[in-house]
Each structure stands twice: as structure tokens, then as C-alpha cells.
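Participant: coords below, sequence missing:
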């Protein structure tokens, strides 16, 4: 008896979204993690300001790609909508990780 294989048509798209989402959280918490190491406050103030500006831009850019520009795997339109992302596509009703 042959076992039936479940189709997973959107697996690659959801993997990409999960990877970007994890990267976003990592970049968001990176400054807090660096505060745990001794000597983090030995940098000059202007260097810290530049690093924080770069961090802020990275968090915003990755967040925009992850949340705002992620296309629904089924219909191709924007999956998440600001201010409330939700757990399903507003256009076709695909749930998060459905078909993965």
C-alpha cells in the first residue's frame, strides 16, 4: 500500500518568512545582548550613536521586508497589513504556515 504524500505548495515561501522573522528578532535584541559583555561602554559616544543609528535602520529595513513586503504565497498580494498583521491573508484567507 503506497503512502499518500501531503502536498506542501508554499513551503519555501513560509521558510523564507520564518528566516526573516527570526533575523528581525535577532537584530532587534542584539544591543541588549551586547550589554551583557564587559567593556561595552568603553566606546566613544559618537561611535555608539552611529552604531545605534545603523541598528535602527537595520531593524526597520528587516521589519519592513518581513511584515510589509511579504507576499501571500497563494494570491501574491500583501499578506500582512499594518497596524494589525493578523494570522491570515486579508485577500484570500490563507493562514500563516498553511500549506507548509
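Facilitator: Yes, it's here. Just so we're clear, the structure is a prediction, and the values are computed from it rather than from any experiment.

Participant: every contact and neighbour count from this point should use C-alpha atoms.
Facilitator: Will do.

Participant: all helices for this structure, in order.
Facilitator: Per DSSP state H, the chain carries helices over the ranges 11-34, 45-63.

Participant: residues of the first one that come out buried?
Facilitator: This points to helix 11-34. For helix 11-34, the buried set under the neighbour-count rule, 16 or more other CA atoms under 10 Å, comprises 13-14, 17, 20-21, 24, 27-28.

Participant: list the helices and strands that helix packs on?
Facilitator: Where contact means 3 or more CA pairs under 8 Å, 6 or more residues apart in numbering; DSSP states H and E, helix 11-34 is packed against helix 45-63.

Participant: run the chain-centre distance for the helix it packs on.
Facilitator: In this view, helix 45-63 has its centroid 17 Å away from the chain centroid, taken as CA atoms, centre = their mean, to the nearest Å.

Participant: so that helix versus helix 11-34, what angle?
Facilitator: Orientation note: helix 45-63 sits at an angle of 160 degrees relative to helix 11-34 (axes from the mean of the first three to the mean of the last three CA atoms, to 10 degrees).

Participant: report the buried residues of helix 45-63.
Facilitator: Applying a neighbour-count criterion of 16+ other CA under 10 Å, the buried positions in helix 45-63 are 55, 59, 62-63.

Participant: what about this structure, any weak spots by pLDDT?
Facilitator: Scanning the chain for pLDDT under 70 picks out 1-7, 37-41, 82-85.
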